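Undergrad: Predicted model follows, preceded by the sequence.
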Amino acid sequence: MPVVNALLLGSLLYRSRLVPRILPVVGFIGAALLLASDIAVLFGLWDRISAPSGLLAIPIALWEFSLGVYLIVKGFRPSPITAGMTASSTRAA
């Protein structure tokens, strides 16, 4: 489930450009590595709690931490879609 979450949120943030593009790219890389680790656990190549599993989970953890810190410190970038909505709502009032 974290892989699906990372792919959906990463693609949304990548397309909307609400955060720097490097953050969703780290999420995509982390999701691919976590999926590879999950498949390896499924086929018995290593245990769920093992060094390879932990190493392959580091990029997704880095992405989640860096995205959270970025949004707390900087917030979302202005979006042309939301800027148009706020401009039209002020004109109507």
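TA: Here it is on my side, so go on. Here the structure is a predicted model, which means the values were calculated and not measured.

Undergrad: where in this structure is pLDDT low?
TA: 80-93 (pLDDT under 70).

Undergrad: switch to 50 and redo it
TA: Nowhere does the chain drop to pLDDT under 50.

Undergrad: report the longest helix in it, please.
TA: helix 51-73 (DSSP state H).

Undergrad: so what's the backbone phi/psi at residue 76?
TA: In terms of degrees, to the nearest 10, the main-chain angles of residue 76 are phi -70, psi 150.

Undergrad: isn't residue 48 right up against residue 42?
TA: No. Residue 48 is not in contact with residue 42 according to C-beta atoms under 8 Å; the separation is 9.8 Å. All C-beta atoms are positioned from the backbone trio N, CA, C, and that covers glycine.

Undergrad: ok so, going back, residues contacting the longest helix of the chain, please?
TA: 2, 6, 10, 13, 19-20, 23, 26-27, 29-31, 33-34, 36-37, 40-41, 46-47 (C-beta atoms under 8 Å, 6 or more residues apart in numbering).

Undergrad: Can you give me the buried ones in that helix?
TA: 53, 56, 57, 59, 60, 63, 64, 66, 67 (16 or more other C-beta atoms under 10 Å).

Undergrad: how about the residues you listed in CSV, adding distance to residue 79?
TA: Putting those into CSV (distance: C-beta to C-beta, whole Å) gives the following:
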residue, distance to residue 79
53, 37
56, 33
57, 31
59, 27
60, 25
63, 21
64, 22
66, 20
67, 17
